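**Q** Curious how this folds, go ahead:
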Amino acid sequence: MQSLSPKINSVTAEAMSRSTRLMDITKSAALAVRAPLLEAFRSDMSIDYKVDLHDIVTIHDKRAETTIRNFILDHEPNSAIMGEEGGQIGNGEIQWYVDPIDGTANFARGLAFWCISIAAVIDSNVVAGAIYDPVADLMFAADLKASYLNGAPLHSRSVAEETRATLITGYPVSRDFRLDGRDFALANLGELVETFSTLRRPGSAALSIAHVAAGWTDAATGFGVNAWDVAAATLILKNAGGQYEPLTLGKVAEGSADFLCPGYIATGEGANYPTLERVARSISQTRIAKAVQQLDQKSVRA
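**A** Purely as a prediction, here's the structure:
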């Protein structure tokens, strides 16, 4: 086999070095908000709502995002940042996705399953990311080379058969009832409950996928995530040997970057879960068909 040219090797080494530096920024930015978030956790806090009563936000989300945003810009000025609370700012080469608290409802009620998720993207590719669980002091991270848990290499593992596996999913929530119909949604949930040995609904997509990457659960699936929820998780899972299948749900174009798709199936290495794949893909295809139908109806009215 012919060796790579010195130029290609140099570019690769440079890209790797940059990726590791960006990973270090994501980790440090997450740690910068650890103390204030832990101080606020299980305190008497005020909550507000965004879209509806199921979409909680606190002043701590907003403050943490501001701290993370300022940290990133101080350490990498060539940045643009998309935050869950503050939206898009900047126009730099590196696009960051920041969720200051993924699992805000848990955070607000005192349930210890929430995290900070930060990812760096260049040319539509996730090149670094971190998911930090402040309560357990667990730092999941990835650069282009590998994934890590508190600095040690991270490797996923799942039981082979879905009947013996544990699945994490938030499906269905009230939004899914509206989109899919209550009967269809509950039938899908029933099939997953009957198939998997255990099904859990802990309430944070980023941390759920990180647990799949760590081999602490076997699979996760969701149908209403945003880029700031899963961008870091996609790289952490893949580098740990797991599989991440994006689902467009009729919301984004086919072929969109994984982290831009609102649905996903995440499994650890060794998983073979045909029921999960069939149910999740069916939900996606049903929503795609409805989206096409709505476009056709708009065209007719126009």
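**Q** how does the chain divide up, domain by domain?
**A** 6-153, 162-301 (automatic domain parsing).
**Q** Adding mean neighbour count, write those domains out as a markdown table.
**A** Yep, even glycine has a C-beta here, placed from its N, CA and C like the rest. A markdown table is the format used below for the domains of the chain (neighbours: other CB atoms under 10 Å):
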| stretch | mean neighbour count |
| --- | --- |
| domain 6-153 | 18 |
| domain 162-301 | 20 |
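**Q** how about those domains in TSV, adding mean pLDDT?
**A** Below are the domains of the chain laid out as TSV (pLDDT from 0 to 100):
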stretch	mean pLDDT
domain 6-153	90
domain 162-301	96
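**Q** these two touch, right, residue 108 and residue 58?
**A** Yes. The pair residue 108 / residue 58 is scored as a contact, 5.7 Å apart, by CB atoms under 8 Å.
**Q** Now name the helix or strand holding the spatially most central residue of the chain.
**A** In the chain, the residue lying closest to the centroid (CA atoms, centre = their mean) is residue 230, at 1.6 Å. With elements taken from DSSP states H and E, the one containing residue 230 is helix 227-239.
**Q** Could the C-alpha coordinates of that helix be exported in CSV?
**A** Extracted in CSV, the C-alpha atoms of helix 227-239 (Å, rounded to 0.1, in the frame of the first residue of the first chain):
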residue,chain,number,x,y,z
ALA,A,227,-28.8,19.8,17.2
TRP,A,228,-27.7,21.1,20.6
ASP,A,229,-29.1,18.0,22.3
VAL,A,230,-27.2,15.4,20.2
ALA,A,231,-24.3,16.9,18.3
ALA,A,232,-21.7,16.0,20.9
ALA,A,233,-23.4,12.7,21.6
THR,A,234,-23.2,11.5,17.9
LEU,A,235,-19.4,11.8,17.9
ILE,A,236,-19.0,10.3,21.4
LEU,A,237,-21.1,7.3,20.5
LYS,A,238,-19.6,6.6,17.1
ASN,A,239,-16.0,6.9,18.4
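**Q** And the helix or strand encompassing residue 295, what does it pack against?
**A** According to DSSP H and E, residue 295 maps onto helix 274-301. In terms of contacts (3 or more CB pairs under 8 Å, 6 or more residues apart in numbering; DSSP states H and E), helix 274-301 is packed against helix 174-180, helix 182-195, strand 219-222, strand 243-247, strand 263-267.
**Q** let's see 7 Å
**A** Applying 3 or more CB pairs under 7 Å, 6 or more residues apart in numbering; DSSP states H and E, we find helix 274-301 packed against helix 174-180, helix 182-195, strand 219-222, strand 263-267.
**Q** who's in contact with the shortest one?
**A** For strand 219-222, contacts defined as CB atoms under 7 Å, 6 or more residues apart in numbering pick out 158, 165, 167-171, 205, 208-209, 212, 263-267, 271, 273, 276, 280.
**Q** and stretch 242-260, how far from the chain's centre?
**A** Relative to its chain's centre, stretch 242-260 lies at 12 Å (CA atoms, centre = their mean, to the nearest Å).
**Q** Then stretch 108-120?
**A** Relative to its chain's centre, stretch 108-120 lies at 11 Å (CA atoms, centre = their mean).
**Q** Return the alpha-carbon coordinates of it using CSV.
**A** Presented in CSV, the C-alpha positions along stretch 108-120 are these (Å, rounded to 0.1, in the frame of the first residue of the first chain):
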residue,chain,number,x,y,z
ALA,A,108,-35.8,21.9,38.1
ARG,A,109,-37.5,19.1,40.0
GLY,A,110,-34.4,17.7,41.6
LEU,A,111,-33.9,14.5,39.6
ALA,A,112,-30.3,13.8,39.1
PHE,A,113,-30.3,13.0,35.3
TRP,A,114,-29.3,16.2,33.4
CYS,A,115,-26.1,17.4,31.7
ILE,A,116,-24.3,20.0,29.8
SER,A,117,-23.7,19.3,26.1
ILE,A,118,-21.3,21.2,23.9
ALA,A,119,-20.1,20.4,20.4
ALA,A,120,-17.8,21.9,17.8
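**Q** still on that earlier bit, go through the helices and strands packed on helix 274-301 and name the closest to residue 237.
**A** strand 263-267 (5.7 Å; CB to CB).
**Q** The closest one to strand 243-247, inter-axis angle?
**A** Orientation of strand 263-267 against strand 243-247 (axes from the mean of the first three to the mean of the last three CA atoms, to 10 degrees) gives an angle of 170 degrees.
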